[in-house]
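S.K.: No sequence on hand, only this structure:
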């Protein structure tokens, strides 16, 4: 029991001390510096006012933020138990690598002579773009497929946003994104090793993709915050600003199903879900459902499961009725 607690505690600590994690203390620090500078230089706050605005106790200690913390802790324990049964990227990479050897259209080592830097830069850039695009696709599906939206409500039920809100996800959604991550890594690793050979490498800072470090270091944690940093419109057409993602959380019907992207906004432009940031004050949550859904931390976990069970039951019942109503007609044709 003590050993398990030590492992869970180590996992919790890694969320803040591992540069591969969104909540790494270095990224949180850079976000606070950027927010303070934005408030001072753009909004004309004094340093004291900027700091007090950023650390607004009504936001950081709100009921919604307490739910963020509770779900963060609960989810870490849940995924500690689920980890041994999750498919790893290594298993997927091995499978894809074997499948690539069986096809004959693309020769093994096609770009083996391209050189280390070409292979490393191509691998790093493709990894980042493919990862960002698949995040967009999964996020899009979570909103557009009713059964998945029931689980994604868990995240959107937040009425105040803090960096910890990024971890406010139902375990079912967590499993979906874990599978996505494994698929992305497996496809990328297998594909580039097959094409470029053993010279494939990842350009990193502190062992993390340089593009990922740049994204997080430039304030990714402000996307879930009350500091609505907007980019010039020309920049927002390429990169997703914190204010654009906050608009994604807006309760206004004008903002529904907008800005699904993570780092890049080009995917939203391609699929018609793009929206520039706005200067107006936004309210967050899932509308009239918010109060019922967030009645307790238990209801947040249970209501999506109950909704899915009801959908499955209705579907099975409808299919059973269709089969039952078809049987008499089938028999009648045989008399």
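M.R.: Received the coordinates, thanks. Nothing here was measured: the structure is a model prediction, and the numbers come from that model.
S.K.: what residue lies at the spatial centre of this protein?
M.R.: residue 135 (6.1 Å; Cα atoms, centre = their mean).
S.K.: Which of the helices or strands spans the nearest residue to it once chain neighbours are set aside?
M.R.: Excluding the flanking residues, the one nearest residue 135 by Cβ to Cβ, 6 or more residues apart in numbering is residue 262, at 4.7 Å. All C-beta atoms are positioned from the backbone trio N, CA, C, and that covers glycine. Per DSSP states H and E: residue 262 is located in neither a helix nor a strand.
S.K.: one step back: remind me what the host helix or strand of the residue nearest to the centre of the chain packs against, helices and strands.
M.R.: Assigned by DSSP H and E, residue 135 belongs to helix 116-144. Helices and strands touching helix 116-144, by 3 or more Cβ pairs under 8 Å, 6 or more residues apart in numbering; DSSP states H and E, are helix 146-156, helix 171-196, strand 208-209, helix 210-217, helix 266-271.
S.K.: In the first one, which residues are buried?
M.R.: Meaning helix 146-156. 148-156 (16 or more other Cβ atoms under 10 Å).
S.K.: Then stretch 297-306?
M.R.: 300-301, 303-304.
S.K.: before we move on, what about stretch 212-221?
M.R.: 212-213, 215-217, 219-221.
S.K.: Nearest to residue 144, out of those residues: which one, please.
M.R.: residue 220 (24.3 Å; Cβ to Cβ).
S.K.: Now do the same contact list for that closest one.
M.R.: Listed by Cβ atoms under 8 Å, 6 or more residues apart in numbering, the contact partners of residue 220 are 22, 27, 31, 263.
S.K.: so who does the residue nearest to the centre of the chain touch?
M.R.: 177, 180, 261-262.
S.K.: need these in a markdown table with neighbour count, can you?
M.R.: Formatted as a markdown table, those follow (neighbours: other Cβ atoms under 10 Å):
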| residue | neighbour count |
| --- | --- |
| 177 | 15 |
| 180 | 16 |
| 261 | 25 |
| 262 | 19 |
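S.K.: ok, which stretches of the stretch 201-335 of the chain are strands?
M.R.: 204-205, 208-209 (DSSP state E, counting those that start in this stretch).
S.K.: so how far is the last one from its chain's centroid?
M.R.: Pointing back at strand 208-209 there. A distance of 17 Å separates the centroid of the chain from that of strand 208-209, by Cα atoms, centre = their mean, to the nearest Å.
S.K.: Next: the first one.
M.R.: Relative to the centre of its chain, strand 204-205 is centred 21 Å away, using Cα atoms, centre = their mean.
S.K.: Mind listing residues that contact it?
M.R.: Outside strand 204-205, the residues that reach it (Cβ under 8 Å, 6+ apart) are 19, 210, 213.
S.K.: at 10 Å what do you get?
M.R.: Contacting residues not belonging to strand 204-205 are listed as 19-20, 120, 124, 210-214, 217 [Cβ atoms under 10 Å, 6 or more residues apart in numbering].
S.K.: Tell me the one among those nearest to residue 53.
M.R.: residue 217 (22.0 Å).
S.K.: so that closest one touches residue 209, yeah?
M.R.: No: at 12.0 Å, residue 217 and residue 209 do not qualify as touching, with contact defined as Cβ atoms under 10 Å.
S.K.: Below-threshold pLDDT in the stretch 51-200 of the chain: ranges please.
M.R.: 84-87, 89 (pLDDT under 70).
S.K.: Now do the helix holding residue 135 and helix 210-217, the angle between them.
M.R.: 50 degrees (axes from the mean of the first three to the mean of the last three Cα atoms, to 10 degrees).
S.K.: quick one on the thing from earlier: deepest in the core, which of the strands of the stretch 201-335 of the chain is it.
M.R.: strand 208-209 (a mean of 18; mean count of other Cβ atoms under 10 Å).
S.K.: Touching it from outside, list them.
M.R.: Residues contacting strand 208-209 (Cβ under 10 Å, 6+ apart): 18-21, 24, 123-125, 127-128, 131, 202-203, 214-217.
S.K.: Turn the contacts of strand 204-205 into a markdown table, including distance to residue 88.
M.R.: Shown next, in a markdown table, are those (distance: Cβ to Cβ, whole Å):
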| residue | distance to residue 88 |
| --- | --- |
| 19 | 21 |
| 20 | 15 |
| 120 | 23 |
| 124 | 21 |
| 210 | 24 |
| 211 | 23 |
| 212 | 19 |
| 213 | 23 |
| 214 | 27 |
| 217 | 28 |
